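In: Using only what follows, build the 3D model:
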Amino acid sequence: MIEVLCGTHRPGNNTLKVVHVYAELLGELGLDHAILDLADLPADAFGPRAERHPAIQAWQEQRVGPASGVVVVSPEYNGSMPGVLKALLDAMDPAVWKRKPVLLSGIATGRAGNLRGMDHLSNVFLHMGAWVHPDKLPISRLGTLWEGQGERPGLEAATRSRMAQQVAAFQADFLDGLA
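Out: Predicted structure coming up:
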């Protein structure tokens, strides 16, 4: 099982739309996958007792721990990752990430695609012992890349194709034998 983590919990965020594209791409490769949406965690999960919060413990023990890999899609917040994503990582036992393959994608409405945020996330994951795939994909000017209307518009072909290349490399390098 590959978990695809939406790195924000803001209502109506574009990150979740990109997460769904990653889920589709994993499915096209025959990989079992599920979506971890930070909006599904209760608001009090990020309080002072986050390390012992039952919802975070459940994610850690039932989702992230047994996962074969995790795709993390993080929007740019003030030149880095969202605080809620860092709070989640801080609340989890670092051992759950040891030798866990992680694929990173950064998104932004600006031109850098959250490059700094992916560097920050890489450092955090490497510190915890995760295996961060070297193909970190920045997706820039996200607001201009959607085709169609509604809750699940399509992502323009060139970006979707580049995401497919990234996911295929992740599978070949870290996940072979899981399909």
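In: Just the helices from the chain, written as ranges.
Out: 15-28, 54-58, 83-91, 115-127, 157-170 (DSSP state H).
In: now those helices in JSON lines, with mean pLDDT, mean neighbour count and distance to Lys100?
Out: Backbone N, C-alpha and C define where each C-beta goes, glycine included. Formatted as JSON lines, the helices of the chain follow (pLDDT from 0 to 100; neighbours: other C-beta atoms under 10 Å; distance: least, C-beta to C-beta, whole Å):
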{"stretch": "helix 15-28", "mean pLDDT": "96", "mean neighbour count": "20", "distance to Lys100": "16"}
{"stretch": "helix 54-58", "mean pLDDT": "93", "mean neighbour count": "15", "distance to Lys100": "16"}
{"stretch": "helix 83-91", "mean pLDDT": "93", "mean neighbour count": "18", "distance to Lys100": "12"}
{"stretch": "helix 115-127", "mean pLDDT": "97", "mean neighbour count": "18", "distance to Lys100": "8"}
{"stretch": "helix 157-170", "mean pLDDT": "96", "mean neighbour count": "16", "distance to Lys100": "12"}
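In: Take those and write them to CSV, including distance to Gly47.
Out: Shown next, in CSV, are those (distance: least, C-beta to C-beta, whole Å):
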stretch, distance to Gly47
helix 15-28, 23
helix 54-58, 11
helix 83-91, 9
helix 115-127, 20
helix 157-170, 34
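In: Show me the one of those that comes nearest Val71.
Out: Val71 lies closest, by C-beta to C-beta, to one member of these: helix 15-28, at 5.2 Å.
In: Quick one: list the elements packing against that closest one.
Out: Here helix 15-28 touches strand 2-6, strand 33-37, strand 69-75, strand 101-107, strand 154-155, helix 157-170, going by 3 or more C-beta pairs under 8 Å, 6 or more residues apart in numbering; DSSP states H and E.
In: what bridges to the most centrally placed residue in the chain?
Out: Most central in the chain under C-alpha atoms, centre = their mean is Val72, positioned 1.5 Å from the mean C-alpha point. Taking DSSP bridges as the rule, Val72 bridges to Leu5, Leu104.
In: For it, give me its contacts.
Out: Taking C-beta atoms under 8 Å, 6 or more residues apart in numbering as the criterion, Val72 is in contact with Leu5, Gly7, Leu85, Val102, Leu103, Leu104, Ser105, Leu121.
In: give me every residue that touches the third one.
Out: If a contact means C-beta under 8 Å, 6+ apart, then Leu85 has Leu5, Gly7, Thr8, Leu38, Val72, Ser74, Leu121 as its contacts.
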